[in-house]
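Novice: Sequence first, then the predicted structure, then my questions.
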Amino acid sequence: MLPVLPRCITPGCSNPARASLVGYGGFGRTCEACRQRGIRNGDPRQQRLLKSDVAPYVHRVEKLIQLTGSKERVEIALKDIYRILAEVARDPAARAVVRRLRHLEGSKPWVVRWKVQATNEILRVVQDTDAVQSGILVAAVFLLQSKQPHRFISPLAFQYQLTRVWRARTFLSVGSYWDNQRGKVTRIYRELPRRSTEIIAEYLTVSYAKFVRFILEANRKQVEGLVPFISPLTS
Ligand SMILES: [Zn+2]
């Protein structure tokens with residue numbers, strides 16, 4: 001009789017579990033495909049957010065900023081957030097503070113490596129992208145979450161999409177290779193270790209918390225008719 005091989009634990013997946021030296025009985029909990037999707041999206045079942053999914057919310061956030069008549073103030077605030085984000089990412093003491101008041105001292109070496117990788121990535125993106133557009137994008141992802149919570153399998157999966165969408169604003173998060181079959185340069189998303197992705201999401205969530213609240217509140221008031229939706233072009 002053949003031994004019963006363990007199956008992937010992802011609901012709806014019937015693949016055999018992948019071989020793993022550290023897993024129980026020589027097997028991991030999921031199949032290789034699910035493991036890869038988990039690294040990319042925080043959960044194998046999480047669908048990737050596309051640019052076209054977020055675009056209407058970006059538009060909406062821009063509209064809300066116009067409506068509240070706070071364009072200038074918002075731009076100043078978003079530039080400030082980017083400046084502070086860069087400062088914090090550069091400062092080893094401060095980055096430990098953001099991580100729930102835990103300090104780097106006493107951390108395991110790989111924990112430090114994740115943090116360093118996360119903060120390096122933050123710096124790269126901050127230096128390569130526009131503060132205002134990035135801030136609007138972050139708020140748009142949160143607005144999407146509030147409108148369509150079912151799009152996210154779990155809070156963790158949301159974190160991955162947030163980081164991913166934010167990083168995708170720069171080609172720095174993308175690697176490229178020559179695809180012989182298609183005869184052209186093909187871009188692939190450069191994956192970060194899971195913990196680094198989560199750390200970046202935490203930075204973004206903390207940094208933009210106030211701005212996100214402002215946008216969600218403006219959205220609520222507008223939906224409830226407390227603020228008339230007047231086009232700034234006609235008023
Ligand atoms: Zn699977």
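Specialist: Done, it's in.

Novice: CA only for contacts and neighbour counts going forward, please
Specialist: Fine.

Novice: With adjacent residues omitted, what lies nearest to Thr163?
Specialist: Using CA to CA, 6 or more residues apart in numbering and skipping the chain neighbours, the partner closest in space to Thr163 is Ala201 (5.3 Å).

Novice: isn't there a strand covering that neighbour?
Specialist: No - per DSSP: H, G, I helix; E, B strand; the rest coil, Ala201 lies outside any strand segment and is helix.

Novice: what pLDDT does it get?
Specialist: Note for Ala201: predicted pLDDT of 95.

Novice: doesn't Tyr160 make contact with it?
Specialist: Yes - between Ala201 and Tyr160 there is a contact under CA atoms under 8 Å: 7.1 Å.

Novice: So those two - more neighbours on which side?
Specialist: Tyr160 (27 against 22; other CA atoms under 10 Å).

Novice: secondary structure class for that one?
Specialist: Per three-state DSSP, Tyr160 ends up helix.

Novice: circling back: who are the contact partners of the residue nearest to Thr163?
Specialist: Ala201 makes contacts with Gln159, Tyr160, Leu162, Thr163, as judged by CA atoms under 8 Å, 6 or more residues apart in numbering.

Novice: How much space separates the last one from Val112?
Specialist: Spelled out, it's Thr163. 19 Å (CA to CA, to the nearest Å).

Novice: Please say which of these two ends up with more neighbours.
Specialist: Each of Thr163 and Val112 has its neighbours counted (other CA under 10 Å); Thr163 has more, 23 against 16.

Novice: Please give me every residue in contact with the more buried one.
Specialist: With contacts defined as CA under 8 Å, 6+ apart, Thr163 is in contact with Thr197, Glu198, Ile200, Ala201.

Novice: returning to that earlier point: wait, which of the contacts of Ala201 is closest to the ion?
Specialist: Nearest to the ion, judged by CA to the ion, of the contacts of Ala201 is Tyr160 at 18.9 Å.
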